[in-house]
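*Asks:* sharing a model prediction with you, sequence too.
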Amino acid sequence: MTTTGLLLALSFVASLGALGVLIWAIAHRQFSVGQHDAATIFEPGEVGRPDDSVAIHPPQDAHQRRFDAARARIDEPGRGVVLLLVAGAAVALLAGSVFGLISSLKLHLPDLLVQSAVMTFGRVRTMHLNLVSYGWLSMAGIAAAMWIVPRIFRTPLRRPGVAFFGACLWATATLLAVVAIGMGYSEGAEWLEMPWPVGILFGIGGACMAFSLVDTARHRQVHHIYVTAWYLIAGLCWFPILFFIAKFPGLHAGVQHATVNWWFAHNVLGLWLTPLGVGTAYYLIPKIIGKPVYSYAVSLLGFWGLALFYSQVGIHHLIGGPVPTWVVTLSIVHSLMMFIPVIAVAINQHGTVLANWWAVKRSVTLRFVALGALMYTFSSFQGSLEALRSVNSVTHFTHYTVGHAHLGAYGFTTMVMFGAFYYMLPLLARREWPWPRLLNVHFWLVVGGFAIYFFAVSIGGWLQGMALLEVGRPFGDITRMLLPYMEARSIGGTLMTLGHMVFAVHVAALLLRKQAARPLAALQPAAAQGA
């Protein structure tokens with residue numbers, strides 16, 4: 001069977017599976033929703049009570065932070081796996097940032113660290129990608145899912161031992177992948193560089209954690225499944241399937257391998273990191289503000305639109321390649337159809353934030369999440385337009401695509417995960433952040449650094465693409481033209497790395513008990529405050 005036929009068959013099977021889930025949801029009246037269902041994430045009396053101990057409550061009233069006993073009991077079984085994933089994510093972010101900065105410097109300082117094979121650009125850049133994608137983004141997203149889903153379903157995490165085993169496999173696979181790549185063992189496919197025995201550990205680990213969440217959903221204490229749970233559980237179920245198909249040894253070769261590679265590379269963004277980020281934002285934005293989302297019915301349109309339209313998006317990276325033209329055209333159509341779920345998410349999340357702008361001004365945590373949600377809209381619109389042949393002819397094989405990738409992976413998912421950590425870790429550790437002012441320092445370092453980074457590679461990349469289309473223009477001239485933009489990229493990357501150091505130090509200080517814990521019984525619900 002050709003790769004094209006295989007992908008079509010898999011897409012058909014996946015569509016049948018999605019249709020089955022959709023029929024189940026309709027039969028169980030999961031779509032007979034009203035705006036009241038948006039409040040299922042709140043305990044009785046919580047609506048109208050903002051929830052962010054760092055900003056919403058004055059510092060002198062920090063002892064009033066809500067650590068209610070019911071939620072503490074729900075958190076406890078999954079506490080170990082969440083903290084393991086949090087620690088692993090923070091370490092991976094730091095290491096990945098260092099490798100990323102080195103690879104950025106090499107673009108305008110090519111003689112930097114040339115004496116070491118491990119420090120060559122091809123290895124450093126690949127280690128950076130694997131650390132931030134499978135280490136930081138994935139582990140942070142899974143940690144958020146393992147903490148949020150039991151709270152939504154009001155039941156403790158089921159099979160925590162299985163989930164902990166899966167988390168250990170994931171962390172081990174991340175370490176082994178980076179070591180193998182550093183030693184020169186790479187399979188050369190982007191996002192799939194690690195040797196296949198190491199890669200299979202990701203699939204097994206992800207499947208173990210997905211099993212735990214699905215079992216938790218089966219034992220839920222609420223009838224309605226809030227939209228966040230749809231996103232998070234679906235993402236955990238989609239990933240092992242995607243990974244096994246793309247990484248199974250000997251299944252793909254040559255042009256077929258390239259096709260599957262980009263099918264996976266885009267799906268791991270749209271059906272893995274996107275559900276983790278969007279689902280987490282759907283929980284945190286209303287929780288911090290203390291009010292339900294703007295239009296709950298629209299939120300389900302966003303999820304099912306993503307599930308239906310994203311599966312074939314990645315093939316537009318092969319425009320002009322030796323693949324059937326209709327396959328590329330199908331991918332472009334799917335890319336444009338993504339406007340539907342993206343607009344649905346934008347209406348809900350941005351509408352809720354804009355109607356409560358006072359909370360954004362007061363809460364750094366919400367600022368991270370709201371900014372991440374905004375970057376999801378921007379990156380999705382940009383990606384759909386970038387799939388058009390007229391735009392792709394300029395941007396393909398340029399630094400512009402690097403900017404787009406970072407707009408989604410960093411501007412969107414990373415910002416949301418920063419906000420998630422700032423919200424959930426005090427509840428898990430049962431103590432406040434030791435130095436609340438560092439949240440603002442972290443925010444402005446990463447926002448300022450990312451702005452410099454993104455505009456440098458986007459502007460430089462577009463000029464690079466236009467120059468490459470000029471017949472007869474020397475490639476060396478184009479490379480020299482890019483130097484100022486690459487230098488600006490490194491400046492932005494340096495600021496981002498400093499922000500990550502601030503974040504990691506603060507997380508370590510909280511988890512290492514730099515502030516005395518407060519007994520649950522001594523903590524009373526915070527006084528309601530609003531705009």
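*Replies:* Cool, got the structure.

*Asks:* what count of nearby residues applies to P110?
*Replies:* 9 (other CB atoms under 10 Å). All C-beta atoms are positioned from the backbone trio N, CA, C, and that covers glycine.

*Asks:* next one: L201, what pLDDT does it get?
*Replies:* At L201, the model reports a pLDDT of 95.

*Asks:* the helix or strand hosting it: what's the following helix or strand?
*Replies:* Per DSSP states H and E, L201 falls inside helix 196-218. Remark: after helix 196-218, the chain's next helix or strand is helix 227-247, criterion DSSP H and E.

*Asks:* not counting the stretch of helix or strand A405 belongs to itself, show me its contacts.
*Replies:* According to DSSP H and E, A405 maps onto helix 399-406. Taking contacts as CB atoms under 8 Å, 6 or more residues apart in numbering, the residues outside helix 399-406 that touch it are 379, 382-383, 386, 394-395, 450, 453-455, 457-458, 460-462, 464-465, 482, 485, 489.

*Asks:* buried ones among those residues?
*Replies:* Buried by 16 or more other CB atoms under 10 Å: 379, 382-383, 386, 394-395, 450, 453-454, 457-458, 460-462, 464-465, 482, 485, 489, out of these.

*Asks:* I'd like the distance from stretch 289-304 to the chain centre, please.
*Replies:* 19 Å (CA atoms, centre = their mean, to the nearest Å).

*Asks:* and what of stretch 483-498?
*Replies:* For stretch 483-498, the distance to the chain centre is 22 Å (CA atoms, centre = their mean).

*Asks:* which other residues reach it?
*Replies:* Contacts with stretch 483-498, where a contact means CB under 8 Å, 6+ apart, come from 97-98, 100-101, 104-105, 107-108, 399, 410, 445-446, 448-457, 459-461, 463.

*Asks:* and for stretch 336-345?
*Replies:* Stretch 336-345 is contacted from outside by 270, 278, 298-299, 301-306, 309-310, 313, 373, 376-377, 380-381, 383-384, 387, using CB under 8 Å, 6+ apart.

*Asks:* centre of the chain to the helix or strand T497 falls within, how far?
*Replies:* Secondary structure assignment for T497, by DSSP H and E: helix 475-511. Centroid displacement of helix 475-511 relative to its chain, using CA atoms, centre = their mean, is 19 Å.

*Asks:* neighbours of V323, how many?
*Replies:* Counted by other CB under 10 Å, the residues lying close to V323 total 19.

*Asks:* so how far is M119 from L105?
*Replies:* Noted for L105: a distance of 11 Å to M119, by CB to CB, to the nearest Å.

*Asks:* same check on V179?
*Replies:* Counting by CB to CB, the gap from V179 to M119 is 14 Å.

*Asks:* and for L93?
*Replies:* According to CB to CB, L93 and M119 sit 20 Å apart.

*Asks:* what does F378 give?
*Replies:* In terms of CB to CB, F378 sits 34 Å off from M119.

*Asks:* so what's R489 closest to, chain neighbours aside?
*Replies:* A456 (4.6 Å; CB to CB, 6 or more residues apart in numbering).

*Asks:* relative to helix 475-511, how tilted is the strand or helix carrying that neighbour?
*Replies:* Here A456 sits within helix 437-468, counting by DSSP H and E. Interaxial angle of helix 437-468 relative to helix 475-511 (axes from the mean of the first three to the mean of the last three CA atoms, to 10 degrees): 160 degrees.

*Asks:* now I315: closest residue in space that isn't a chain neighbour?
*Replies:* In space, I315 is closest to S331, 3.6 Å off (CB to CB, 6+ apart).

*Asks:* hmm, that neighbour is touching A387, no?
*Replies:* Yes. Counting by CB atoms under 8 Å, S331 sits close enough to A387 to count as a contact (7.0 Å).

*Asks:* who touches both of those two?
*Replies:* Counting by CB under 8 Å, 6+ apart, the residues touching both S331 and A387 are V313, H316.

*Asks:* G408: what's it in contact with?
*Replies:* Contacts of G408 by CB under 8 Å, 6+ apart are L269, L273, T274, M375, Y376, S379, S380, G383.

*Asks:* same thing but 7 Å
*Replies:* Contacts for G408 (CB atoms under 7 Å, 6 or more residues apart in numbering) come out as L269, S379.
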